[in-house]
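Chemist: need a 3D model of the sequence below.
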Amino acid sequence: TCSVAKKELDDLERWKEEHSQRPINLVPKRLGGKESEAQVRQKQQMMLMQSKYQKKHKREEHIKAKKEAEEAEILKKKALQREKAERLEVKKRQQEMRRREMFLEDQNYKTNELLNRLDLGLPKSDSCQIANHGTGSTAW
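Modeler: Sure thing, here's the model as predicted:
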């Protein structure tokens, strides 16, 4: 087992040496285009500013959309409350109408009951005729 382990360690060391990174030797040459470093820096700055503007614009659009959504939600809630209030008003009016109808029915019932009681106390003939017949002479 010792010899197998030693052989594996030797193989590992040999593999490391074969696959190790060697220093890169490049011949120096001029890179870039026709623009100067200042122009390139200015272009980078412009791109950076443009990127910031776009991010700011997106953020403002997001905030605007969020506000519009909140306003729409508020309007929806107001409409719902208005609808509830209108239904409650209709219900109150209906209850008031029922109360008045019941009052009028009760009033008519009481009036008829009173008239029936009065009719029971008088003879069948007209009360005006009875009053006139009861006096012997009139000033007319």
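Chemist: for this protein, which spans come out with low pLDDT?
Modeler: For the chain, the stretches flagged by pLDDT under 70 are 31-32, 122-140.
Chemist: pick out the residue closest to the middle of it.
Modeler: The centroid of the chain falls nearest to E73 when counting by C-alpha atoms, centre = their mean (2.9 Å).
Chemist: that one is in what secondary structure piece?
Modeler: Per DSSP states H and E: E73 is located in helix 37-121.
Chemist: likewise for K29?
Modeler: Element membership for K29, per DSSP H and E: none, as it lies in no helix or strand.
Chemist: measure it to S20 for me?
Modeler: 27 Å (C-beta to C-beta, to the nearest Å). Every residue, glycine included, has its C-beta placed from N, CA and C.
Chemist: likewise for E96?
Modeler: According to C-beta to C-beta, E96 and S20 sit 99 Å apart.
Chemist: who has more neighbours, the two?
Modeler: Neighbour tally, E96 and S20, criterion other C-beta atoms under 10 Å: the higher count belongs to E96, 10 against 7.
Chemist: just the CA atoms of stretch 59-72, as CSV, please.
Modeler: Output in CSV follows, covering the C-alpha atoms of stretch 59-72 (Å, rounded to 0.1, in the frame of the first residue of the first chain):
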residue,chain,number,x,y,z
ARG,A,59,-37.2,54.5,-11.1
GLU,A,60,-39.4,57.6,-11.8
GLU,A,61,-41.6,55.5,-14.1
HIS,A,62,-41.9,52.8,-11.4
ILE,A,63,-42.8,55.4,-8.7
LYS,A,64,-45.3,57.0,-11.1
ALA,A,65,-46.9,53.6,-11.9
LYS,A,66,-47.0,52.8,-8.1
LYS,A,67,-48.8,56.1,-7.4
GLU,A,68,-51.3,55.5,-10.2
ALA,A,69,-52.0,52.0,-8.8
GLU,A,70,-52.5,53.4,-5.3
GLU,A,71,-54.8,56.2,-6.6
ALA,A,72,-56.8,53.6,-8.6
